[in-house]
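Chemist: need a structure here:
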Amino acid sequence: MAREQFVLGIDNGGTVIKAALFSPDGKEIAVASRQTDIITPRPGYMERDMDNLWEQNCACIRQVIAASGAPSAAIAGVAVCGHGKGLYPWGRDGKPAYNGIISTDNRAWQYPRNWKQEGTFDAVYPRLCQQIMACQPVSLLAWFKDHDRAVYDNIGQIFSVTDYIRFRLTGEAWSEATNISGSGLMNVRDATVDRDLLAALGIEEAAGMIPPLRYSGERCGAVTAESAELTGLAPGTPVAGGMFDIDACAIAMSVTRPEQLCTITGTWSINEFISRAPITGTCVAMNSLYAIPGFYLLEESSATSAGNLEWVIQNCLGNEQVPGGKKLYQHLDDLAESVPPDSCDVYFLPFLYGSNRHPLAKASFVGLTSFHGKAHLLRSVFEGVAFSAKSHIDKLLSIRQAPEAVRLAGGAANSRFWVQMFADVLELPIETVTGVKELGALGCGMAAAVAAGIYKDYNEAAEAMVRISPPVFPDPGNSALYRPKYEKYAAVCEALDTVWGRFEV
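Modeler: Here you go, the predicted model:
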């Protein structure tokens, strides 16, 4: 009788670590999570202690193994995903060179602007194939070179959070393709590290800091004896390359064909599809390497999604009285839904963590009067997140045909009300994944299954491990109401674009 096998996926988001154990048929056996502390030494700075992050990952892995009851020897493979961008620098002295920097950090906002103004961006774009953002390693490294040279000179290896946690598990340093290709440090067109490109951006030295390239489903070492002691994993357990969390969610939604399109609603609004070649010279911001070799991921994104609702809950609804028998999120859905779409003329700009419009834009409620109450504010938050996603998806659809349906993941996918709103605003059917709570971890589990030889590729893994819900269709009446509302939202954003520059420090 064959031994039962499992795969472990570990998802390092901007604030929460989640680990989940899966069977080869995609059943979620156990889930564990840990919160990580965010360090904000100055406005716009978003950091966390790298050693503490590793310790919390170890605790999360131990917790999920204990909760599952599975013997560690039955875990056939492990993979890690995590937030993209940011920077986790490892020092030449064998210690973290600085705190980890997460993807909502904005300290380096001037660098993308300056590179555009001086023409540098136009010169490198044909090779870079993506816009440059303040939170990308390319901008952060340039910032360190100018503002903290001691840190810059001590950096031995540049890691994404995925690469960093895998490095601590295995002791081997690799640059996984989906992460490094979204860093601003890579010639994405040719899938190479390009020293001339880095020199043009003023950080030629960074070429020596980038570990060798590996792909998401490739084996990238094994759990060391030291890591086994800390995590409860068996020494020698294979560890796959893993991937950027937006690729992990897409893989877990069985996005394996170019005609598909998906939206992920976490802290970031991630809207994406895959292509056999990069598509440049358009309004679409990002091309990167996809988890499936041979494909590129085209992405429109900003930190304007469901994280805004979480902020509202934590900072404005701490004493909210939830009716008996209801959970908080269902209560908030019901409150927002109690206001019809044509009765809410309040507009929320979901820019608490950054903007897809202006580097200094701030979150705002616009149109408030004494008539409005909590339900109106909540509905405007739900709508603002959906409207921001639409602004990205409209750019994607300007260069391709509309999909049969949009696959939705993240916080919004857990809300029946929000799923219907996305369908109505986008005027497209919405599909979600059933039976699994942690999609990022599932995508990692699929990578681990491929690396361990359980499946030959992601297509075979998706067929066995992913189940898609029936679509939720748009309500034509609501769609007709949302069209003029979206135009007003866009007009408010455009008007305020002329104001944000006055916030420059």
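Chemist: in the stretch 151-300 of the chain, what spans have low per-residue confidence?
Modeler: Counting by pLDDT under 70, the stretch 151-300 of the chain shows no low-confidence range.
Chemist: all helices for the stretch 151-300 of the chain, in order.
Modeler: 161-170, 177-180, 195-200, 225-231, 245-252 (DSSP state H, counting those that start in this stretch).
Chemist: The stretch 1-150 of the chain too?
Modeler: 50-68, 110-117, 120-128, 137-147, 149-154.
Chemist: could those helices be laid out in JSON lines, adding mean neighbour count?
Modeler: The C-beta positions use only the backbone N, C-alpha and C, and glycine is treated the same way. Formatted as JSON lines, these follow (neighbours: other CB atoms under 10 Å):
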{"stretch": "helix 50-68", "mean neighbour count": "20"}
{"stretch": "helix 110-117", "mean neighbour count": "17"}
{"stretch": "helix 120-128", "mean neighbour count": "17"}
{"stretch": "helix 137-147", "mean neighbour count": "23"}
{"stretch": "helix 149-154", "mean neighbour count": "15"}
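Chemist: out of those, which comes closest to residue 463?
Modeler: For the helices of the stretch 1-150 of the chain, proximity to residue 463 was assessed by CB to CB; helix 50-68 is nearest, at 24.1 Å.
Chemist: Show me the contact partners of stretch 103-115.
Modeler: 14, 42, 44-47, 83-86, 121, 131-135, 138-140, 142-143, 201, 267-268, 303, 353-354, 359-360 (CB atoms under 8 Å, 6 or more residues apart in numbering).
Chemist: residues near the nearest residue to residue 474 once chain neighbours are set aside, how many?
Modeler: Ranked by CB to CB, 6 or more residues apart in numbering and with sequence neighbours excluded, the top spatial neighbour of residue 474 is residue 423, at 4.5 Å. Neighbour count for residue 423, taken as other CB atoms under 10 Å: 24.
Chemist: Repeat that for residue 378.
Modeler: Using other CB under 10 Å: residue 378 sits among 26 other residues.
Chemist: helices and strands around the strand or helix carrying it, which ones?
Modeler: With secondary structure defined by DSSP states H and E, residue 378 is part of helix 374-397. Where contact means 3 or more CB pairs under 8 Å, 6 or more residues apart in numbering; DSSP states H and E, helix 374-397 is packed against strand 261-265, strand 269-275, strand 296-302, helix 307-316, helix 328-337, strand 347-349, helix 416-426, helix 476-496.
Chemist: how much does the longest one deviate in direction from helix 416-426?
Modeler: The reference is to helix 476-496. 70 degrees (axes from the mean of the first three to the mean of the last three CA atoms, to 10 degrees).
Chemist: Contacts for helix 476-496, please.
Modeler: So helix 476-496 is contacted by 341-342, 347, 349, 357-358, 361, 364, 366, 383-384, 387, 390-391, 420-421, 424-425, 427 (CB under 8 Å, 6+ apart).
Chemist: Mind giving me the ChimeraX command for buried ones among these?
Modeler: Only the buried entries of those go into this ChimeraX selection, using 16 or more other CB atoms under 10 Å:
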select :341,347,349,357,358,361,364,366,383,384,387,390,391,420,421,424,425,427
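Chemist: still on that earlier bit, looking at the helices of the stretch 1-150 of the chain, which is nearest to residue 502?
Modeler: Comparing the helices of the stretch 1-150 of the chain by CB to CB, helix 110-117 comes nearest, at 15.4 Å.
Chemist: What mean pLDDT does that closest one get?
Modeler: For helix 110-117, mean pLDDT rounds to 96.
Chemist: Just the buried ones among the contacts of stretch 103-115, please.
Modeler: Counted by 16+ other CB under 10 Å, the contacts of stretch 103-115 give 14, 44-47, 83-86, 121, 131-135, 138-140, 142-143, 201, 267-268, 303, 353-354, 359-360 as buried.
Chemist: In strands, which of those fall?
Modeler: Counting by DSSP state E, the part of those found in strands is residue 47.
Chemist: picking up where we left off before, can I get the helices and strands packed on helix 374-397 in JSON lines including distance to residue 113?
Modeler: Shown next, in JSON lines, are the helices and strands packed on helix 374-397 (distance: least, CB to CB, whole Å):
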{"stretch": "strand 261-265", "distance to residue 113": "27"}
{"stretch": "strand 269-275", "distance to residue 113": "22"}
{"stretch": "strand 296-302", "distance to residue 113": "16"}
{"stretch": "helix 307-316", "distance to residue 113": "24"}
{"stretch": "helix 328-337", "distance to residue 113": "36"}
{"stretch": "strand 347-349", "distance to residue 113": "20"}
{"stretch": "helix 416-426", "distance to residue 113": "31"}
{"stretch": "helix 476-496", "distance to residue 113": "18"}
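Chemist: Any idea which of those gets closest to residue 375?
Modeler: So among the helices and strands packed on helix 374-397, helix 328-337 is nearest, using CB to CB, at 4.6 Å.
Chemist: CA atoms only: put that closest one into PDB for me.
Modeler: Written as PDB, here are the backbone C-alpha positions of helix 328-337 (Å, rounded to 0.1, in the frame of the first residue of the first chain):
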ATOM      1  CA  LEU A 328     -18.500  40.500  11.700                       C
ATOM      2  CA  TYR A 329     -17.900  40.300   7.900                       C
ATOM      3  CA  GLN A 330     -21.500  39.100   7.200                       C
ATOM      4  CA  HIS A 331     -22.700  42.000   9.300                       C
ATOM      5  CA  LEU A 332     -20.700  44.500   7.400                       C
ATOM      6  CA  ASP A 333     -21.900  43.000   4.100                       C
ATOM      7  CA  ASP A 334     -25.500  43.300   5.200                       C
ATOM      8  CA  LEU A 335     -24.900  46.900   6.400                       C
ATOM      9  CA  ALA A 336     -23.400  47.900   3.000                       C
ATOM     10  CA  GLU A 337     -26.000  46.000   1.100                       C
END
